[in-house]
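Enquirer: Predicted model and sequence follow; I will ask about them next.
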Number of protein chains: 2
Amino acid sequence: MDPIAAFEQSVLADIPLARAMQLRVHGHGADELVLAAPLAPNVNDKGCAFGGSLGSLLTLAGWGLIVLHLRAHATPCEVYVQDSQMRYLAPVWDDFLAHARLVDGESWQAFDATLVARGRARARVHCRVPLADGTDACTLEARFVAIAKR
Amino acid sequence: MDPIAAFEQSVLADIPLARAMQLRVHGHGADELVLAAPLAPNVNDKGCAFGGSLGSLLTLAGWGLIVLHLRAHATPCEVYVQDSQMRYLAPVWDDFLAHARLVDGESWQAFDATLVARGRARARVHCRVPLADGTDACTLEARFVAIAKR
């Protein structure tokens, strides 16, 4: 199975809330992971996207970016989120995407070198849900740690 | 119906993800709202609580604290989360509670006065999921805005 399909399948199998959100992988490149969720199972009392759904999809996008990088490089690790800052800028009235990439100034080369040297490494990820006009509906900056399995 | 039962029922009716999480109101006083969720529907790939579930319950606890205050004072408002900072300190291996209260230095008196004067008011809320020993498994500090309905 291709790694993206395997990732989507494992997230849906392991995380009940991802199933409830109807999470899908929308796209993946070397530098970005994009997850998707429909609005209907993720609405709030106002009929727009629930903040908890937005935060969950953004956090999973950042986590998945690192998990997929590690799988491609055959480094068995557990990946944990450590902290995050979220900004809600505009309501989301439609199905939505969460884009995740490393923050400017971070590199996979430095991450990989630290992981080899110390058995653990941190990465900071910037995630966003764009509106149709390209502006951000919400953003999340989060720090993750990968710990090599012994 | 008592206001706490009505709040729980409306959250479960309006927010599908709250149903998926099996959210319940655990307790409510003048200064604190405590929500509860079982572990099983909220696990991650490691078998402990999913960060998205923790963040969602914490955010709903903060939001609910303000909504219940406004309902008790008969002020029809919409309440939105604006931003939040979350820290994940220790994994959660059991059913969990999310406690929400105003941050130190904020008061309902000031909040209510601003809402009357301007038709909107902000409140900062501190939320936490405690472990059995009383230490924090995770914390969330969030800013909400209440906007009076015309």
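Expert: That came through, no problem.

Enquirer: what's the helix or strand harbouring residue A:98 packed up against?
Expert: In this assignment (DSSP states H and E), residue A:98 forms part of strand A:96-102. The helices and strands touching strand A:96-102, judged by 3 or more C-beta pairs under 8 Å, 6 or more residues apart in numbering or on different chains; DSSP states H and E, are strand A:33-37, helix A:51-72, strand A:120-130. For every residue, glycine as well, the C-beta is placed using N, CA and C.

Enquirer: now it: mean pLDDT?
Expert: The predicted model assigns strand A:96-102 a mean pLDDT of 98.

Enquirer: need the contact list for residue A:11.
Expert: Contacts were defined as C-beta atoms under 8 Å, 6 or more residues apart in numbering or on different chains; by that measure residue A:11 touches A:18, A:23, A:60, A:64, B:45.

Enquirer: Could you list the low-pLDDT ranges of chain A?
Expert: Low-confidence regions of chain A, defined by pLDDT under 70, are absent; no residue qualifies.

Enquirer: circling back: mark which of the contacts of residue A:11 are buried, thanks.
Expert: Taking 16 or more other C-beta atoms under 10 Å in any protein chain shown as the criterion, what is buried in those is A:18, A:23, A:60, A:64, B:45.

Enquirer: Can you tell me which of those residues lies closest to residue A:109?
Expert: residue A:64 (20.1 Å; C-beta to C-beta).

Enquirer: Give me the contacts around stretch A:17-36.
Expert: By C-beta under 8 Å, 6+ apart, the list of residues contacting stretch A:17-36 from outside reads A:4-5, A:7-8, A:11-12, A:37-38, A:41-42, A:53, A:56-57, A:60-61, A:64-65, A:68, A:95-102, B:16-17, B:20-21, B:41-42, B:50, B:52-53, B:56.

Enquirer: can you pull the alpha-carbon coordinates of stretch A:135-144 into PDB?
Expert: Taking only C-alpha atoms (Å, rounded to 0.1, in the frame of the first residue of the first chain), the coordinates of stretch A:135-144 have been written out as PDB:
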ATOM      1  CA  THR A 135      -6.500  34.000   3.600                       C
ATOM      2  CA  ASP A 136      -6.200  32.100   6.800                       C
ATOM      3  CA  ALA A 137      -9.400  31.100   8.700                       C
ATOM      4  CA  CYS A 138      -7.200  29.800  11.500                       C
ATOM      5  CA  THR A 139      -3.600  28.900  12.200                       C
ATOM      6  CA  LEU A 140      -1.800  26.700  14.600                       C
ATOM      7  CA  GLU A 141       1.900  26.600  15.500                       C
ATOM      8  CA  ALA A 142       2.900  23.500  17.400                       C
ATOM      9  CA  ARG A 143       6.000  21.800  18.700                       C
ATOM     10  CA  PHE A 144       6.400  18.100  18.400                       C
END
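
Enquirer: Count the residues that sit near the closest residue to residue A:44 other than its chain neighbours.
Expert: Taking C-beta to C-beta, 6 or more residues apart in numbering or on different chains as the measure, residue A:44 lies nearest to residue A:50, with 4.0 Å between them; neighbours along the chain are not counted. Here the count is done by other C-beta atoms under 10 Å in any protein chain shown, and residue A:50 has 25 residues near it.
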